[in-house]
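Asks: Dropping a prediction and its sequence here:
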Amino acid sequence: MFHSRTLLASGVIGSWLALTATAAEPVDYLREIKPILKERCFACHGALKQQSKLRLDTGASIRQGGDSGPAVVGGKQASNPLIERITSNDASIRMPSEGKPLTAEQIALIKTWIEQGALSPDNEQPEQDPREHWAFKKPVRPAVPEISNSKSQISNLNSDLQNAVDAFVLEKLAERDLTSRPRAEKHVLLRRVYLDLIGLPPTREELQAFLADDSPSAYETVVDRLLRDPRYGERWARHWMDLWRYSDWYGRRHVPDVWNSAPQIWRWRDWIVRSLNADHGYDRMIREMLAADEVCPEDDDAAVATGYLIRNWYALNPNDSMRSTVEHTGKAFLGLTFNCAHCHDHKYDPISQDDYFRLRAFFEPISIRQDRVPGEADPGPFEEYSYGKLRKIQRLGAVRIFDKTPDAPTWFYTGGDERNRVKDRGSIPPGVPQFLSGAGFQLASVSSPDTTIPLPTRAFYPGLKPAIIESLLNDARTAITTTEAELVAASLIVEQRSTRLAAAAAKLLAVRSELVSLEARIAADRAKFGETPNADVPALARTASRLEREAAVRRAESNVLTHENAIAIAEAKPTTDMNRAKEADAATKALAAAKPILEKARAATNDATSETYSPLGPTYPKTSTGRRKMLAEWITHRDNPLTARVAVNHIWSHHFHQPLVSTVTDFGRNGAKPTHPELLDWLAVEFMDSGWSMKHLHRLIVTSTAYRRVSSVGWDSIPTSSAAATTSNAPTGRDGIPTYAADPENKLLWRMNTGRMEAEVVRDSLLYTAGKLDPKIGGQELENNEALTTFRRSLYYSVFPEQGGKSAMGELFDAPDALECYRRSRSIVPQQALALTNSDLVHQLSTALAADSTETDDKQFVIACFERILTRTPSARELEICLEALTKPATAPRASLVRALLNHNDFVTIR
Amino acid sequence: MNHPNRRAFLADFGMGFTGLTLGAMLAEDGITKAADPSAVTPHLPPRAKSVIWVFLSGGYSHVETFDPKPALNQYAGMTFDKTPFENPLKSPLHNKRFRSVLAEEINIRDVYPTIYPMQVGWRKHGDSGIEMTDWWPHLAGQVDELCFVRNMWTTDNDHAAENQIHTGRHRLDEQQPSLGAWAHYGLGTLNENLPKFAVLGGPTRSDTRLSIDSLYLGPQHAGVPLALDPKNPLPFGQRHANQSLDEQRNEYDLINKLNLLTAVEYPEDQELQARIRAYELAFRMQAAVPEAIDFSQETEATNKLYGIDSEATKPAGQHLLAARRLVERGVRFVQVFPTRYGSWDSHQKLKENHTRLCATIDRPVAGLIQDLKQRGLLDDTLVVFCTEFGRTPGLELRGGGKDGRDHHPNGFTIWMAGAGLKKGYVHGATDELGYHALGEGHYVTDLHATVLHLLGLNNRRLHIPGRKRLEIDDGRVIDDILA
C-alpha cells in the first residue's frame, strides 16, 4: 500500500509502526476514530449528505458501505477501500476531497482500528438529522419549573423566585445541587442597573434616595424610570450598532474619498435610538432596516433604517457589498454562517451554495438614493462611483435603499471569486434554505409578479411631498426677499446707478416669476398625480410650461443685465487698476454667452401648446420587487426558529456579560449548545408574545433574582489545599462540593458575573460623574479626535474601520471593530492606566470634581467622592488610607484623590 | 487553578506578587483577555527573537532593484510576442495571480505589452556575486549577508496589496489579522515595559490600518504606533504637566492600595489582579518607552552609519535606528515604514523617482545590517525588506505615459537577513522578462510562514476556533532559504 510513497511515506510507515507496536491495547473507536471522521468526513458522508450513498457516522454504516460496497472490512489481511482512499497519492481520488490529507498519525490509528476488527458499540446512534437540530425547530414555550424549598438549598424561596427566569435558573442549580449566592447590596444593584440600562452611573442624590426608599418596589420603580429615560435608547443603540456593523463613511478618509458606507449614515443611528426609546418591536425594526421602502414607503423617518444595508455599500465593487450583506444578515438576525456557503456547501448546516446565492438575490436589485430633507438644501442625486473620480463627503439629504434594477441577475460563481460566473445556470432566484421553510412557514413564491409592490406617488416621486413642496416654495420666497434687499442696497450706491438698478430690478423680476412658475408646476404635478380632484390636467400643464419658459426669459434677461452692469463697474475703475481689464474681459465673455441663451429662451415662448415642464424632483421606479419585504417577513415570522432566540441571546448577554449560547453568530450544528435551553426558549416565546418588546424583556431580566445576586464568590467558596477551611457558610452543594469548584465559570448563574464598562461607558461615565456630559441627543457624527475635548455621548463620535477610526480612549478600551463586532473583547493593558492617569481630560475632570465639592472636612470629602464616583461609602480602612493620602504633599491633593478613585478597579468594573 | 487561601493571598499581595506568577493567574478565558503571560511555549525551537519588518510602500520595481533583467534592454521597445520567449500575457499564471478589486464592469486597468528597458545599470556584488542595480551602492556592500526571494507574487493589482502582504488576504476576501499581530499572539514578552509589537512611521494612511491590525485576535495584539518623539512617544505616555513624579507615584500607590483592598473582597477576580499588574507596568512603561527612542546616548559613528547626518537619509535612518533600539530591548516585532505611503509607485518618471528614493534608504538599511551585525544582534534578529508588488516589465501607457511602469502582482522580489537564514543567497527567479514568478513561486503567506517559523511558531497552529482560515492563509515555509 505504501510502495509508491516517497520520503514522507517512510515517515508514515515509521510512525505507524511505532504506534502499532505500542498499541497493543485496543483503539477506542468513540474516543479516537469517530472524532477524526466527524471533523473530516461527516460533511459529505453523514446526516447532511450521503455522497456515493456512503455514511461514516456509525461503525455499522462504515462496515456496510455505500455504492462501492463496504468501506471497511475488519481484520489484518482484508482489503479496505477507506484506507486506499485516504492514503492515495492521486489527489483526484484521495479523501477528504477538500483540505489537507489526514495526518500520518490519524491514518495509523484508523488502520490499527481496522486490524483490530473495526469494532464499534452496538447501540451507536447515527448523526442526528440536521432538521432535528435544536435551533432549527421553532421554540415552544416550556412549562415553568415548579420550585420548592425541598428541591434545593433555597433558603428564602419568596425572594429567590422573582419570576420565571429564576425558576429556570434555580432548576438547573438544583439539578447540580449548587447553591446560589445572596442578593447584592442595594448600592451595588443600583450602580449595576444604571450602567446596564442607561450606560451611566447613578448620581450621589439618586444613590441616597434609593437607599432611603424602603418600599418593596423601590427597585422596580428605578427600573421603570430608567427604561423610560431617553438615555436608555442611546445606551442600547450602541449594542445594536455593534451587531449591525454601524460605521461612518470610510474608504480613503485621508483624501477624502467616500468608498464605503455614507456620510449621512448617522440618520440610521438616530433611528435606532428613537426606535428603542419608543420600544418599537424588534420585528418591526428588522422589517424597516431591510425593507422600509417596501413596508412603509411613505415613512421618511423609517426610510433611514435601510442604512443597515447602505453601511455595506462599497463603491468599487457591488459584489463586495453583497457579500457583506449576505454574511451579516445571516449572522446578525439568524445566527447562521451563510458566509461558509460562499465557496461550497456548508460543512455543518444544510445551507447549500445555492442557498447562499438565493439569499443574495433578495438584495440584488438595490441601489441608494439621496432624498432632500425638508428645510435643508437639496443635495442633488446620489453620486455613483466613477473610476478615478473622488466621491465627496455629502452631508445633505437622507440616504435610503430602493430597488433600482428589478431584473439585475444574480450570478452563481465558484471559488468565492465573482469572475468565475456560471452563466449557463442563469440568474439565481431569491429563496431561503429549505430546512427553514417548514409547513405554515413558507416563503411566498418570490418570482411571481404579484409580489411586486406598487409604490405610492410620493414614494417614487418625493418632490410631491408637502414638506418638500414647502421647502421649494420657501427657497423661492427667500430668493425674493434677498433680491428685494439687494435692490434697496443697489439704489443707495451712486456709481453706475442705472446699470446697477437695471440689473437688480431684472433679477427681482426673475425670482418673482420663478416663484409663479414653481407654483404652477406644483399645481400641474398635483393634478397629474391625481392629488387634485376634477382638475384640467393638460390645461394646468400648459400653464406650468408657459410660466416656466417665461421665468427662463426673465432669468436670461437678468443675467444679461447683470453682466452689462459688471462691465460698467469694471470699466469705471481707473485704468491703473490691475483688475480692470481682467474683470471687464470676464464680464464681456459672460455677456456674450448669456445673449444667445436669452434669444433661445425668448424663442421658446412661442409654443403655446407645450405641456412640458420641469419636475419637482427626481423620479424613481414606480414599483419595488417586494423581495426584501418578503425576506424581512420570513425572518420575523413567528415560526422562524432562529430570530427571536438569537435576539434574546444578545440581550441576555448584555445584561449578564455572558450569553446563553456562547457562539452568538452561530446557532447551527457547529455552534455551542445553550447553557439554559428551556430558559432561552421561554424567553424567545415571551419576547414574541410581547410584540417583540425589548423593554419587556429587559424588565423581566433585571427584576429577576438571578440578576440581583452578588458577583463575588465569597471567601470561603475558594477551594484550598486544606479542606478544613471550608465552612458551613460556603456556597456548597449537598454532597459538599463547593459550588465554585463545580462551576467556576458561573455557567449556571449561581452568582452574578462581573462586567467591565465598554469604551463608550468609560468615557461617558467619567464626564457624567464630573457633571460635564452634554445631554444633547442625535445629529451628525462628530469627529472622534474631538472626543477628549468635547463632551457629547460617545456614540455620537465617528467610528470606521480605518486608521483613526476609534477615539484615543476607544482604541484602548476595546471600542468595536466596525468591520465586525458581535461580542466586545475586554482587554487589560497598561495603556488604559496611562490614559486614566495622564490624560488632560481626566486631569480636568478630577480638578473640576474636587472643586465641585463643598465639603471642607476631609472625611466628608472622601465619603462624598466615594459615593459620587463608586456609588458606595468607603470602608473604615479605605477611609483611613484616603485620609492619609490627603496629607501627603501635593499641588492638588484632592484632585489626585478623585483621580485615584476614577482609576479604582471598581470604577470601570460592574459588580 | 489552585487558589491560595486567604492568608497566603494577602501575604502575597503585601509582598508585591512574590508568590504568584502572572501566567498562573491570567489563564485566558473566554473573551476575557488579560495581560499576556510571559511564559509561552513555542511550537518549535526559535531561531529569531525579534523581527524588523521594513516595508516600502507603493511597489518598488523588482527589475530595477534586486532582479535585474538584461533581456529588457535587449528587446526594449518590442512587444512580448516579438521576443523569443513565451508571451507572459498568455500564461495561465496571469489570471491566477491577478485579481482586481474593481468590479469587472468598471475595471479599466490595461496590460502593457511593450518592453521598457531597465533604467539603471547593474553588477554582481560580493563573494556571492549576486546581481543588484547601481542604485544600491551601500547595500551592495552587505550583499553577502542578504537572502533574496525573487519569485514572490501576490494577487491584488492595486494598493490594497499593501494590506495583503501584511494580512495574506485580498481586499475582496474576509480580512485577517496582520502578521505582527499573529506574532504578538503567539510569542511571549521579552520586556514587559515595552509593547511587543511596535510600529514606526505608520500606518501610512487611514486605509492601511489593516497592515498592523489584530481584528479578531483582540486589540491588545495590534501594533502600537510609536512616534519618534522621546517626549511623547505613545498616547497618554507622558506624565501630566500638573504633576511631579513624586505626586504621581503617591497617586499610583493610593490606587494600588485601594485595589488591593478590593482584591480581598473578590479573590477570584482575575481581571482585578491583572489590572493591579497593569498599573505597575504603566508606571514603568512611562519611562521605558521614551528611553527606547531617545538617541542621545548614540555615538556619532552610529548616527553616521544610519545616515542620520544627512538630510536625505535622516528620516529612514532614524526609523531604523529606533527599530534597532527596540529589538535590543526585547520588542518582538517592529514594523517600519521608512518611506511615505505610495512613494515607490512609479507610473511615470520611474528613473527619477527610484533614484531619489533608493538614495534615502540605501545607506540607512545597509547601516542597520552592519550595526546589528557588530552588536551581535543579527544572530537572533530577522530583517525583512519588502514592498507590496513589483512593476510591469512593459511600459505603462496610461495618460500618455512614456517613462514608468504599472503595478505588477505576478512577480516581485523581497530580501531578508539575519537569524536562521542563508547568507548571500538567492532563492527563486522570475522569467527572462521579469514577468512571472517561476515555479510555484511564493504567495505572501509563504513569507509569513517563514517569519513565524524562524520565531518558533507554526503558522498552521495559529488558528482561532470558529475563524475560518483559507488554504492560501497557510503558507509554506521557504525551506530552501533556511540556514
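Replies: That came through fine. Numbering: from 1, shown residues only, chains lettered A, B, ... in the order given.
Asks: And the helices in chain B?
Replies: Per DSSP state H, chain B carries helices over the ranges B:6-14, B:22-25, B:70-74, B:93-96, B:137-140, B:161-167, B:179-186, B:245-265, B:270-292, B:300-305, B:314-328, B:350-374, B:444-454.
Asks: And those, which one averages the lowest pLDDT?
Replies: Within the helices of chain B, the stretch with the lowest mean pLDDT is helix B:22-25, showing a mean of 30.
Asks: on that earlier part again, ok, which of the helices of chain B comes nearest residue A:309?
Replies: helix B:161-167 (25.1 Å; Cβ to Cβ). For every residue, glycine as well, the C-beta is placed using N, CA and C.
Asks: State the distance from the residue nearest in space to the middle of chain B to residue B:455.
Replies: With the centre of chain B defined as its mean C-alpha position, the nearest residue by Cα atoms, centre = their mean is residue B:53, 3.2 Å away. Separation of residue B:53 from residue B:455 (Cβ to Cβ, to the nearest Å): 12 Å.
Asks: same check, this time on residue A:247
Replies: With Cβ to Cβ as the criterion, residue A:247 and residue B:455 are 34 Å apart.
Asks: just for chain B, where's the confidence low?
Replies: Scanning chain B for pLDDT under 70 picks out B:1-41, B:106-109, B:466, B:468.
Asks: 80 - rerun?
Replies: Within chain B, the stretches with pLDDT under 80 are B:1-42, B:104-110, B:204, B:206, B:218-220, B:399, B:463-473.
Asks: mind giving me the domain ranges of it?
Replies: By the assignment in automatic domain parsing, chain B contains the domains B:48-228+B:298-481, B:234-292.
Asks: mind checking the end-to-end distance for the longest one?
Replies: Domain B:48-228+B:298-481 has an end-to-end distance of 14 Å (criterion: Cα to Cα, to the nearest Å).
Asks: Could you check how far stretch B:255-268 is from the centre of its chain?
Replies: Here stretch B:255-268 shows a centroid-to-chain-centroid distance of 40 Å under the convention Cα atoms, centre = their mean, to the nearest Å.
Asks: Residue A:476: what's it in contact with?
Replies: Going by Cβ atoms under 8 Å, 6 or more residues apart in numbering or on different chains, residue A:476 touches A:511, A:514, A:515, A:518.
Asks: ok so the first one is a helix residue?
Replies: Yes - membership of residue A:511 in a helix is supported by DSSP: H, G, I helix; E, B strand; the rest coil.
Asks: neighbours of it, just the number please.
Replies: Neighbour count for residue A:511, taken as other Cβ atoms under 10 Å in any protein chain shown: 22.
Asks: ok, now the second one?
Replies: A count of neighbours around residue A:514, defined by other Cβ under 10 Å, yields 21.
Asks: Might one say that residue B:320 is in contact with residue B:368?
Replies: Yes - with contacts counted by Cβ atoms under 8 Å, residue B:320 reaches residue B:368, the gap being 4.5 Å.
Asks: hey, what's in contact with both of these two?
Replies: By Cβ under 8 Å, 6+ apart, the residues touching both residue B:320 and residue B:368 are B:52, B:306.
Asks: one step back: output the contacts of residue A:476 in JSON lines, with distance to residue A:230 and pLDDT appended to each entry.
Replies: Output for these, formatted as JSON lines (distance: Cβ to Cβ, whole Å; pLDDT from 0 to 100):
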{"residue": "A:511", "distance to residue A:230": "43", "pLDDT": "97"}
{"residue": "A:514", "distance to residue A:230": "42", "pLDDT": "97"}
{"residue": "A:515", "distance to residue A:230": "41", "pLDDT": "98"}
{"residue": "A:518", "distance to residue A:230": "39", "pLDDT": "98"}
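Asks: Which single one of those is nearest to residue A:779?
Replies: Residue A:779 has its nearest neighbour among the contacts of residue A:476 in residue A:518, at 30.4 Å by Cβ to Cβ.
Asks: Alright, that wraps it up for me.
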